[in-house]
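Q: The sequence and its predicted three-dimensional model are supplied below.
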Amino acid sequence: MTADPVIREISDEDIGQVVAIWHASGVAKPWNDPEKDIAFARRNPHSTILVALSGEQVAATVMVGEDGHRGWVYYVATAPQDQGKGLGRAVMEAAERWLAKRGVWKLNLLVRDDNERVKQFYEHLGYSDTRTTCFQKIIQPI
């Protein structure tokens with residue numbers, strides 16, 4: 001990448017591009033509704049979605065949030081035609097800054113166990129496998 005990309009918070013006009021990137025890059029799964037996840041992330045100041053632009057087009061994304069103790073990132077994705085240009089690293093650095101400005105000192109993320117390519121990406125950025133198990137339970141919102 002020759003110049004730092006413009007990275008900003010998502011706008012309403014970006015949503016279609018963001019959803020398309022999530023599908024094209026494989027981070028959107030059938031059991032998640034991307035538009036619902038976007039709305040949920042934007043509903044309060046404790047989370048957001050950051051986008052990196054290539055010209056006027058969204059080229060990479062990261063959903064970032066915090067609970068007051070630790071931060072989490074989701075939907076780290078780069079448009080297939082823009083992969084290999086450093087945009088994944090750039091949005092992760094932007095997510096880290098977003099959290100640091102809020103006083104959050106720990107960042108967690110989830111990677112599917114069989115996704116070796118993505119594990120290597122995060123290891124290259126200085127993340128380590130904590131050798132913990134993530135449990136989940138689906139509950140119905142009230």
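A: Okay, I see it. Numbers count the residues shown, from 1 in each chain.
Q: got the residue ranges for the helices in the protein?
A: For the chain, the helices defined by DSSP state H occupy 15-25, 34-41, 87-100, 116-124.
Q: Which among those helices is found nearest to residue 74?
A: Closest to residue 74 of those is helix 34-41 (Cβ to Cβ; 7.8 Å). No exception for glycine: its C-beta is placed from N, CA and C like everyone else's.
Q: So which bits of that closest one are buried?
A: With burial defined by 16 or more other Cβ atoms under 10 Å, the residues of helix 34-41 counted as buried are 34, 37-38, 41.
Q: Closest to residue 47 out of the residues you listed?
A: Relative to residue 47, the closest of those is residue 41; by Cβ to Cβ it sits at 4.6 Å.
Q: CA atoms of the longest strand seen in the chain as CSV?
A: Taking residue count as the measure and DSSP state E as the definition, the longest strand of the chain comes out as strand 57-66. Once side chains and other backbone atoms are set aside, the C-alpha atoms of strand 57-66 remain, and they are given as CSV (Å, rounded to 0.1, in the frame of the first residue of the first chain):
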residue,chain,number,x,y,z
GLN,A,57,-15.5,2.7,-2.5
VAL,A,58,-15.5,0.8,0.7
ALA,A,59,-12.5,-1.6,0.5
ALA,A,60,-12.2,-3.0,4.1
THR,A,61,-14.2,-3.2,7.3
VAL,A,62,-14.0,-3.9,11.0
MET,A,63,-16.7,-4.0,13.6
VAL,A,64,-15.3,-2.9,16.9
GLY,A,65,-16.9,-2.7,20.4
GLU,A,66,-16.0,-2.6,24.0
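Q: can you give me the angle it makes with helix 15-25?
A: With axes from the mean of the first three to the mean of the last three Cα atoms, to 10 degrees defining the directions, strand 57-66 sits at 90 degrees from helix 15-25.
Q: tell me what strand 57-66 is packed against?
A: Packing contacts for strand 57-66, counted by 3 or more Cβ pairs under 8 Å, 6 or more residues apart in numbering; DSSP states H and E, involve helix 15-25, helix 34-41, strand 47-54, strand 71-78, helix 87-100.
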